[in-house]
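*Asks:* A structural model of the following input is requested.
(2 chains)
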Amino acid sequence: MGALSLSQLIDLVVGGLAIGCVYSLIALGFAMIMRATNIIHFAQGEVMMLGSMCGLTSLWLLPALPLPVVIAVGMASSGLIAVAMELAVYRTLRRRRVPIMNIITATVGMSILCINAARIIWGSEPLRFPELFATTAYDFGGVRMSPQLFWIMVMGVAIMGALQLFLKHTPTGLAMQAVAQDHEAAQLMGANLTRIMAYTFAISGMMAGAAGIMLGSMFFAFFEMGFITGLKGFVAATLGGLGSIAGAMLGGILFGLIETFSTVFLSSAYKDGIGMILLIAILLVLPSGLVGLWQKRR
Amino acid sequence: MAALIALPWIEPDKFALHVLSLIAIASIAAMGLQVLLGYSGQLSIGQAAFYGIGAYTSAFLTAKLGVPFPLALIGAGIAAAIASLLMVPITRLTGAYLAVATLGFSIIVYLFIKNEEWLTGGSYGFIGIPRAELFGYVLRDARSSYYLNVGVGAIVYFVFARIEGSRFGRAINAIRQDADAARASGIRVTLLKSECFVIAAFVAGLAGSLYAHEVRYLAPNDFTFWKSIEILIMVVIGGVGSLAGAILGAAVVVGLPEYLRAIGDYRMLVFGAILIATMLFGEGGLAALAATLGRRLHALAMRLILKPTASRKAAP
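*Replies:* Purely as a prediction, here's the structure:
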């Protein structure tokens, strides 16, 4: 409490931005699935957790793996898991045209399944990642920054940038955008709906996998880590404006900052509660999020 | 009905009666969610919040203030109902947004229970909760508390069974099918939806109070999101929309792990899989299955579940 020195303030901002990148990546997954299918994918946090666990396992097997490879392992495994969920369950449910609530209940079931499978495979103890980053602080003209947080931010921004390029400039990315806008019209234009949906889940899973490795290296990997973090990713997506890609990125960063600062200035015991209060408030007052606010002003 | 009354005399095993009490308590909470989800179509993943509020209110009233149990029971229901009024603005939300908001609410309540040690005992738990007593008679043995829990469960069941055919029941059914059409027909959608919330919270509070006096020790970990999800699983695998299904679901979710200790670790794994499978293959859940098998078979199944326990005399 009380006054902060400049260096403490910078530390907080950097910490908030780094965790914000993690939330952004998870929020992107929520947003992409939301746009394409209208479902809230409750298992998104678990996809992230499984990516983190798989990345950690790859490090156990080959301790010399460089960071980008670990990230790639996390992204690939999470992507595969998300696609498996889509192909095994969600696609079938959509085809039967069951009410959307049933699909969402199935995603809750998927989340329970993943958490408990992970507990059986990896145990219930928090698992620490080996040191992936340099430990001496970088010095940017007098501003000291932990290499870990620095690289998490760099990677987060790079991955999000790559996603934007993919969505805007590749045929598959454009087809995904088209499907998100209108299933029937996109199908008439020759988009293969089943395949595009699978891609959507693959990419949202990959985003979550990257987030899982980052989060795991910041704290630790843990079978229940996905639940509350997934929920926070959802808060971030809602804050930005549900179903908006840019909103998800913005909302994640903003929520990371809000959470970090409120932990210091308000209460650390209620850290997880702040997000929930924010969530309920946004849903009530500003259901279209920040992006909606901006669109209204135009 | 007669079977339920006679049961403690046929099967006086303490542990079995305790498990049946827990099943009765769980089914009260599940029936509340059934009204909310099955009748009015609102998905809540936050029922543990009201369950917890009820449990701690009742514990506080009896242990700290010396309020007699029947009053504390009602008080617990009312406290949960009042807490649910906080959620009334949320009933404007629909579907998944509502579900997430209720989940958020239950996380806030859990954090409150865990952190406000002066009130709830925090992580150490709330100890020293007196036994339930009715009109000066303390319910000392498993049999009398069985009657209390099953009795309250039966009352809730019969009250809720009357809802279905009533004007209120038909109105919320209309809302579930099409909220816009219901509003156009002059049904006050928001009001009725909120009423369902309050009713579900009230009975969840009752269930919490009964739980507090059955177990007589409360810890925050009994009221995490897992509890909410358990209550949801009871309703879904029992059969959305069926009161008897909620009870059946509660019996499966609470009873099965008690008797199949081997599935202990795999319990939630199995339930998660069942949840997905129910969505994929059997919409009506167990209730639809049971309806075809008939009531008699149900009673027989209950007896079969209870048989293996005659050999074990583990105290609860």
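*Asks:* which stretches of chain A form strands?
*Replies:* Secondary structure of chain A by DSSP state E: the strands cover A:138-140, A:143-145.
*Asks:* other SSEs contacting the last one?
*Replies:* Where contact means 3 or more C-beta pairs under 8 Å, 6 or more residues apart in numbering or on different chains; DSSP states H and E, strand A:143-145 is packed against helix A:6-37, strand A:138-140. From N, CA and C alone the C-beta is placed, and that goes for glycine too.
*Asks:* Could you dump these into TSV with distance to residue A:146 added?
*Replies:* Shown next, in TSV, are the helices and strands packed on strand A:143-145 (distance: least, C-beta to C-beta, whole Å):
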stretch	distance to residue A:146
helix A:6-37	7
strand A:138-140	8
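*Asks:* tell me, which of the ones you listed is the model least confident about?
*Replies:* Per-stretch mean pLDDT for those is lowest at strand A:138-140 (a mean of 76).
*Asks:* What strands line up against it, and which way round?
*Replies:* Using DSSP bridges, the neighbouring strands of strand A:138-140 in the sheet come out as strand A:143-145 (antiparallel).
*Asks:* Just the buried positions in stretch B:209-228, please.
*Replies:* Under the neighbour-count criterion of 16 or more other C-beta atoms under 10 Å in any protein chain shown, stretch B:209-228 has B:209-216, B:218-220, B:222-228 buried.
*Asks:* So that stretch, near chain A or not?
*Replies:* Yes: shown here: stretch B:209-228 in contact with chain A (C-beta under 8 Å from any C-beta of the partner chain) through residue B:225.
*Asks:* circling back: need the winner for burial among the strands of chain A.
*Replies:* Of all those, strand A:143-145 has the most neighbours on average by mean count of other C-beta atoms under 10 Å in any protein chain shown, namely a mean of 14.
*Asks:* Show the average pLDDT along that one.
*Replies:* The average pLDDT for strand A:143-145 rounds to 76.
*Asks:* Quick one: residues in contact with it.
*Replies:* A:7, A:10, A:14, A:137-139 (C-beta atoms under 8 Å, 6 or more residues apart in numbering or on different chains).
*Asks:* got any ranges where the stretch 1-150 of chain B has weak pLDDT?
*Replies:* Low-confidence segments of the stretch 1-150 of chain B, defined by pLDDT under 70, span residues B:1-3, B:6, B:8-9, B:11, B:136.
*Asks:* Leaving out chain neighbours, which residue sits closest to residue A:127?
*Replies:* When the adjacent residues along the chain are set aside, residue A:127 lies closest to residue A:221, with 4.5 Å between them (C-beta to C-beta, 6 or more residues apart in numbering or on different chains).
*Asks:* can I assume the one you found is in contact with residue A:54?
*Replies:* No: counting by C-beta atoms under 8 Å, residue A:221 does not reach residue A:54; the two are 9.7 Å apart.
*Asks:* circling back: any idea which of the helices and strands packed on strand A:143-145 is most buried?
*Replies:* Greatest average neighbour count among the helices and strands packed on strand A:143-145 goes to helix A:6-37 (a mean of 23), per mean count of other C-beta under 10 Å.
*Asks:* quick check, that one touching chain B?
*Replies:* No: using C-beta under 8 Å from any C-beta as the criterion, no contacts between helix A:6-37 and chain B are found, and the smallest distance is 9.2 Å.
*Asks:* In terms of secondary structure, what does that helix contact?
*Replies:* Counting contacts by 3+ C-beta pairs under 8 Å, 6+ apart, the secondary-structure elements packed against helix A:6-37 are helix A:44-61, strand A:143-145, helix A:147-169, helix A:171-181, helix A:193-218, helix A:225-240, helix A:245-265.
*Asks:* That one versus helix A:147-169: what angle between them?
*Replies:* Going by axes from the mean of the first three to the mean of the last three C-alpha atoms, to 10 degrees, helix A:6-37 is angled at 30 degrees with respect to helix A:147-169.
*Asks:* which SS state does the spatially closest residue to residue B:257 that is not a sequence neighbour fall under?
*Replies:* The shortest distance from residue B:257 to any residue other than its chain neighbours is 4.8 Å, reached at residue B:267 (C-beta to C-beta, 6+ apart). Following DSSP: H, G, I helix; E, B strand; the rest coil, the label given to residue B:267 is helix.
*Asks:* how near is the residue nearest to residue A:127 to residue B:30?
*Replies:* 34 Å (C-beta to C-beta, to the nearest Å).
*Asks:* next one: residue A:258
*Replies:* Distance from residue A:258 to residue B:30, by C-beta to C-beta: 36 Å.
*Asks:* When these two are compared, which one has more neighbours?
*Replies:* Set side by side, residue A:258 and residue B:30 give different neighbour counts by other C-beta atoms under 10 Å in any protein chain shown, the larger being at residue B:30 (33 against 18).
*Asks:* List the residues that contact that one.
*Replies:* The neighbours of residue B:30, taking C-beta under 8 Å, 6+ apart as the test, are B:231, B:234-235, B:238, B:246-247, B:249-250.
*Asks:* on that earlier part again, in this model residue B:259 seems to touch the residue nearest to residue B:257, though I could be wrong.
*Replies:* No: counting by C-beta under 8 Å, residue B:267 does not reach residue B:259; the two are 11.7 Å apart.
*Asks:* State the phi and psi torsions of the residue lying closest to residue A:292 once chain neighbours are set aside.
*Replies:* Spatial nearest neighbour of residue A:292, excluding adjacent residues (C-beta to C-beta, 6+ apart): residue A:241 at 5.1 Å. Per-residue torsions, residue A:241: phi 130, psi 110 (degrees, to the nearest 10).
*Asks:* Pull up the per-residue confidence for residue A:241.
*Replies:* We note a pLDDT of 81 for residue A:241 in this prediction.
*Asks:* Spit out the contact partners of it.
*Replies:* Residues in contact with residue A:241, defined by C-beta under 8 Å, 6+ apart, are A:247, A:251, A:288-292.
*Asks:* Most neighbours among these, which one is it?
*Replies:* When neighbours are counted by other C-beta under 10 Å, residue A:251 leads these with 32 neighbours.
*Asks:* What does the pLDDT read for that residue?
*Replies:* We note a pLDDT of 90 for residue A:251 in this prediction.
*Asks:* Give the closest residue to it in space, chain neighbours not counted.
*Replies:* Computed as C-beta to C-beta, 6+ apart, the closest residue to residue A:251 that is not its neighbour in sequence is residue A:240, at 2.7 Å.
*Asks:* Might you report the residue contacts of that neighbour?
*Replies:* A:27, A:31, A:246-252, A:254, A:289-291.
*Asks:* Take the residues you listed and lay them out in a markdown table including distance to residue B:157.
*Replies:* Supplementary listing: those in a markdown table, determined by distance: C-beta to C-beta, whole Å:
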| residue | distance to residue B:157 |
| --- | --- |
| A:27 | 43 |
| A:31 | 43 |
| A:246 | 51 |
| A:247 | 46 |
| A:248 | 45 |
| A:249 | 50 |
| A:250 | 49 |
| A:251 | 44 |
| A:252 | 46 |
| A:254 | 48 |
| A:289 | 43 |
| A:290 | 47 |
| A:291 | 47 |
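*Asks:* Quick check: the farthest pair among the residues you listed?
*Replies:* When the contacts of residue A:240 are compared pair by pair using C-beta to C-beta, the two farthest from each other are A:31 and A:254, 14.4 Å apart.
*Asks:* didn't residue B:133 look like it was pressed against residue B:139?
*Replies:* Yes: counting by C-beta under 8 Å, residue B:139 is a contact partner of residue B:133 at 6.4 Å.
*Asks:* does any bit of stretch B:114-122 sit next to chain A?
*Replies:* Yes: under the criterion of C-beta under 8 Å from any C-beta, chain A is reached by stretch B:114-122 at B:114-115.
*Asks:* Quick check: buried residues in that stretch?
*Replies:* Judged by neighbour count (16+ other C-beta under 10 Å), stretch B:114-122 contains these buried residues: B:114-115, B:120-122.
*Asks:* Give me the spatial nearest neighbour of residue B:213, chain neighbours excluded.
*Replies:* For residue B:213, ignoring the flanking residues on the chain, the nearest one in space by C-beta to C-beta, 6+ apart is residue B:132 at 4.1 Å.
*Asks:* The one you found: what's it in contact with?
*Replies:* For residue B:132, counting by C-beta under 8 Å, 6+ apart, the contacting residues are B:69, B:138-139, B:145, B:148, B:210, B:213-214.
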